[in-house]
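*Asks:* Give me a 3D structure for the following:
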Amino acid sequence: MPLKDLEIKPADPTSPVPLYFQVEKDLRRLIYEQELPPGSIIPPEHELSRSYQVSRHTIRQALSRIEADDLISRGAGRGTIVKPQQHLTLLSMARSFTAEMETRGYQTHSQILDKAAGIVGDSPDPALEDYAGSPCLNLTRLRFADDEPVCLQYTTIITTRCPNLIEHDFKSNSLYKVLSENYQLYIAAFEYSLSALPADKMLAKQLDIEKDTPVLGVTTTARLDNQQIMEHTESYYRADKYKYVIAHQLKK
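*Replies:* You can find the predicted model right below:
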């Protein structure tokens, strides 16, 4: 489709959201809403650069993240082509739940099952063993994409640098957004592990699936740029509708 016929949303340089992520989100919208349908050719980088009012490097960053989710195919001499969308929703490890789902066009909210201040115990998860005795917030949330339950999350946040975190509303607010906007704490790196397991009775009830249905277990540890652990989460995703994609770029 000609670029002039697309409803491009130029990036906002005054926004705290990185420029490449603004471009990525808008390009994903064009793909999901089929303004760029499967088989169509995405405009060249220099045209996108002008329309989004960003550098070509920023455009390449955005396209690389979309390509990592297998939504587009790039090749010399044939341009960038939109691929047919798969039935399963692809989830990236490199973003928060809220950012990932909103990028894909879903409205998100959470049901808070438990929220309590506490202290990291003497025998915590191994990832938190160096934080024994530290103040924390324990948060259990059932996460929704639109009105469908997507995953159950058990989260521990180290609150040494974010006192009164418990007072914030996490039904509709992203944890990472609250940390960044209210405490100037920015997640810089993720560590994660995956496992497959059958849903027990409680998990099946929360996710509205049959008992023993396979679910995807994801354990995530989020660190600040000084390597301090900020948050540790165990998530259980519906595997009948969602799968994770992990992309690694090899250095030349």
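*Asks:* Assign a three-state SS to the residue lying farthest from the centre of the chain, would you?
*Replies:* Distance from the C-alpha centroid of the chain peaks at Gly77, with 32.3 Å (C-alpha atoms, centre = their mean). Here Gly77 takes the coil state, with states given by DSSP: H, G, I helix; E, B strand; the rest coil.
*Asks:* How about the one 3 residues further on?
*Replies:* When the structure is reduced to helix, strand and coil (three-state DSSP), Thr80 reads as strand.
*Asks:* How many residues are close by it?
*Replies:* Under the neighbour criterion other C-beta atoms under 10 Å, Thr80 is assigned a count of 20. Yep, even glycine has a C-beta here, placed from its N, CA and C like the rest.
*Asks:* and the residue farthest from the centre of the chain, what are its phi and psi?
*Replies:* The phi and psi values for Gly77, taken as degrees, to the nearest 10, are phi 90, psi -10.
*Asks:* For it, give its distance to Leu48.
*Replies:* Between Gly77 and Leu48 the computed distance is 18 Å (C-beta to C-beta, to the nearest Å).
*Asks:* what do you get for Pro10?
*Replies:* When C-beta to C-beta is applied, the distance between Pro10 and Leu48 equals 11 Å.
*Asks:* out of these two, which sits in the more crowded spot?
*Replies:* Using other C-beta under 10 Å, the more surrounded residue of Pro10 and Leu48 is Leu48, with 24 against 13.
*Asks:* Going along the chain, name the helices of this structure.
*Replies:* Per DSSP state H, the chain has helices spanning 19-32, 45-52, 56-68, 97-103, 175-183, 201-207. These are given in chain order.
*Asks:* Can I get those helices in a markdown table including mean pLDDT?
*Replies:* Supplementary listing: those in a markdown table, determined by pLDDT from 0 to 100:
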| stretch | mean pLDDT |
| --- | --- |
| helix 19-32 | 87 |
| helix 45-52 | 93 |
| helix 56-68 | 90 |
| helix 97-103 | 68 |
| helix 175-183 | 90 |
| helix 201-207 | 94 |
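*Asks:* For Glu148, find the nearest of the ones you listed.
*Replies:* With C-beta to C-beta as the criterion, Glu148 lies closest to helix 201-207 of the helices of the chain, at 9.4 Å.
*Asks:* So which other helices or strands are in contact with that closest one?
*Replies:* With contacts defined as 3 or more C-beta pairs under 8 Å, 6 or more residues apart in numbering; DSSP states H and E, helix 201-207 has these neighbours: strand 148-158, strand 229-238.
*Asks:* Leu197: which of those is closest?
*Replies:* Of all the helices and strands packed on helix 201-207, strand 229-238 sits nearest to Leu197, with 8.1 Å by C-beta to C-beta.
*Asks:* what sits up against the closest one?
*Replies:* Taking C-beta atoms under 8 Å, 6 or more residues apart in numbering as the criterion, the residues outside strand 229-238 that touch it are 91, 97, 125, 127-128, 130-131, 149-158, 175, 179, 185, 187, 199, 203, 207, 209, 213, 215-224.
*Asks:* List only those of those flagged as buried.
*Replies:* In terms of neighbour count (16 or more other C-beta atoms under 10 Å), the buried residues within the contacts of strand 229-238 are 91, 97, 128, 131, 149-158, 175, 179, 185, 187, 199, 203, 207, 209, 215-222, 224.
*Asks:* re the thing from before, for the helices of the chain, which one sits closest to Gln228?
*Replies:* Nearest to Gln228, of the helices of the chain and by C-beta to C-beta, is helix 175-183 at 12.2 Å.
*Asks:* helices or strands up against that closest one?
*Replies:* Checked by 3+ C-beta pairs under 8 Å, 6+ apart, helix 175-183 has helix 97-103 packed alongside it.
*Asks:* Quick check: which ranges of the stretch 51-200 of the chain have low pLDDT?
*Replies:* 85-96, 99-104, 123-124 (pLDDT under 70).
*Asks:* one more time with 90
*Replies:* Applying pLDDT under 90 to the stretch 51-200 of the chain picks out residues 65-79, 83-109, 121-127, 129, 145-148, 150, 172-174, 176-177, 180-181, 186-197.
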